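>>> Take this sequence and fold it.
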Amino acid sequence: MRFAIMGSGGVGGYFGARLAEAGEAVTFIARGEHLAAIRRDGLRVVSIKGDVTIAPARATDDPAEVGVVDVVLLAVKAWQVPTAAEVIRPLVGPDTLVLPLENGVEAADSLSEVLGEAAVLDGLCGILAWREAPGMIRHAGVDPFVRFGTRLPAQRAGAERLLAAFDRTIGVSAEMPEDIEVAVWSKFLFICAMSGIGAITRAPLGVTRQLPETRALIEQILAEIEAVARARGVALPADAVERAMAFIDALPAQSTASMQRDIMEGRPSELEAQNGAVVRLGRAAGVATPVNAMIHAALLPQENSARGAKAETW
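Coordinates of the predicted model:
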């Protein structure tokens, strides 16, 4: 299959490299020093699941050079999705599938508004990875997984081909759950709690999950997200919060969320797509979310300051 990886950082770089390693035709959409390094030396992934270097690697900063592909993996920040949807138009033909791997619960809807529902899958991923240097991805935690589902019956055959492509990879577990909405919100539970507590404390997860005061905040964040999901008709399992807390407890002690790292480094973050989304969706559903509201309000001045500077749109 022909793949385009829109956003070739920790998430896109890792999954794209694994697909290329398995023999798929992968083009990485990147820019700046990262693009230059990939073109010169290939893309290197240092991983707890085994290292891989894709060299030579197809890479460009112009999707129009690539043309229509079978699948676009969208791995930009959640706040970059609307702009990225416009940028990837040249990659999308009548049979193309676009798989969003962003944190949050709104990326697929945002994509559908630009590209139409026929092209867009619902999806999520799990991995602890980041771009450590130009041309280099570091995967340090979590057994990488991708989960996705169709929105329309006509997408089924293409989605099954995509699943087969992931099944041929090393270091990726892929699944098409019966209820992708439950899967998306289940991931949102733990990543939003991890992001929020890490961003306001500036501490790694091993600290915040052990300190009784901050562990209680994590549990309250989770409870509020669960209440919002259920009010929106999401059929989360009865033990969804307990599962999310168990996942948080199993992560490496030094783990930090990408939203936390962005905020700590003064960059625009996914605040509005995570804790902000809980507040916004909760308000629409008539569900109180006081802890998420506090986190959102406390971080908003810095977020606004970061967005006042010129920020990359994808």
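>>> Helices along this protein, start to end?
Along the chain, counting by DSSP state H, helices occupy 10-21, 32-41, 81-87, 107-115, 156-167, 180-201, 205-208, 212-231, 240-250, 258-264, 275-285, 290-308.
>>> Serialize the ones you listed to JSON lines and add fields for mean neighbour count.
Glycine gets a C-beta too; all of them are placed from N, C-alpha and C. Formatted as JSON lines, these follow (neighbours: other CB atoms under 10 Å):
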{"stretch": "helix 10-21", "mean neighbour count": "26"}
{"stretch": "helix 32-41", "mean neighbour count": "16"}
{"stretch": "helix 81-87", "mean neighbour count": "19"}
{"stretch": "helix 107-115", "mean neighbour count": "20"}
{"stretch": "helix 156-167", "mean neighbour count": "16"}
{"stretch": "helix 180-201", "mean neighbour count": "24"}
{"stretch": "helix 205-208", "mean neighbour count": "19"}
{"stretch": "helix 212-231", "mean neighbour count": "19"}
{"stretch": "helix 240-250", "mean neighbour count": "17"}
{"stretch": "helix 258-264", "mean neighbour count": "21"}
{"stretch": "helix 275-285", "mean neighbour count": "21"}
{"stretch": "helix 290-308", "mean neighbour count": "16"}
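>>> how near is the spatially closest residue to residue 191 that is not a sequence neighbour to residue 116?
Nearest non-adjacent residue to residue 191, counting by CB to CB, 6 or more residues apart in numbering: residue 103, 5.1 Å away. Going from residue 103 to residue 116 by CB to CB, to the nearest Å gives 23 Å.
>>> now swap in residue 23 and tell me
For residue 23 relative to residue 116 (CB to CB), the value is 30 Å.
>>> low-scoring pLDDT stretches of this structure, where are they?
Filtered on pLDDT under 70, the chain yields the residue ranges 309-314.
>>> quick one on the thing from earlier: I'd say the residue nearest to residue 191 and residue 76 touch.
No - Residue 103 is beyond contact range of residue 76, at 10.9 Å (criterion: CB atoms under 8 Å).
>>> Between these two, point out the one with more neighbours.
residue 76 (26 against 23; other CB atoms under 10 Å).
>>> and the residue nearest to that one when sequence neighbours are not counted, what is it in contact with?
Excluding the flanking residues, the one nearest residue 76 by CB to CB, 6+ apart is residue 7, at 3.8 Å. Listed by CB atoms under 8 Å, 6 or more residues apart in numbering, the contact partners of residue 7 are 29, 74, 75, 76, 77, 80, 84, 314.
>>> Which one of those sits in the busiest neighbourhood?
Neighbour-wise, the contacts of residue 7 (other CB under 10 Å) top out at residue 29, 30 neighbours.
>>> ok, what's across the strand from the nearest residue to that residue once chain neighbours are set aside?
Using CB to CB, 6+ apart and skipping residues adjacent in sequence, the residue nearest residue 29 is residue 6, 4.8 Å away. Counting by DSSP bridges, residue 6 is bridged to residue 29, residue 74.
>>> do you know how far residue 6 is from residue 270?
From residue 6 to residue 270 the distance is 16 Å (CB to CB).
>>> so the residue nearest to residue 29 touches residue 77, yeah?
No - Residue 6 lies out of contact with residue 77 (CB under 8 Å); the separation is 11.5 Å.
>>> most centrally placed residue in this protein?
residue 102 (2.7 Å; CA atoms, centre = their mean).
>>> ok, for that residue, nearest residue in space, not its chain neighbours?
residue 78 (4.4 Å).
>>> That neighbour: neighbouring residues, count only.
Neighbours of residue 78 (other CB under 10 Å): 23.
>>> For the closest residue to residue 219 other than its chain neighbours, list the residues it contacts.
Spatial nearest neighbour of residue 219, excluding adjacent residues (CB to CB, 6+ apart): residue 245 at 6.9 Å. Residues near residue 245 by CB under 8 Å, 6+ apart: 190, 218, 219, 222.
>>> thinking the residue nearest to the centre of the chain is in contact with residue 74, fair?
Yes - in this structure, residue 102 is within contact of residue 74 by CB under 8 Å, at 7.0 Å.
>>> Need the residues touching each of the two.
residue 81.
>>> Roughly how far does residue 189 sit from residue 239?
11 Å.
>>> Correction: the previous question concerned residue 127.
Counting by CB to CB, the gap from residue 127 to residue 239 is 24 Å.
>>> Next, the closest residue to residue 33 other than its chain neighbours: phi, psi?
Computed as CB to CB, 6+ apart, the closest residue to residue 33 that is not its neighbour in sequence is residue 134, at 4.1 Å. When quoted as degrees, to the nearest 10, the phi and psi of residue 134 stand at phi -50, psi 130.
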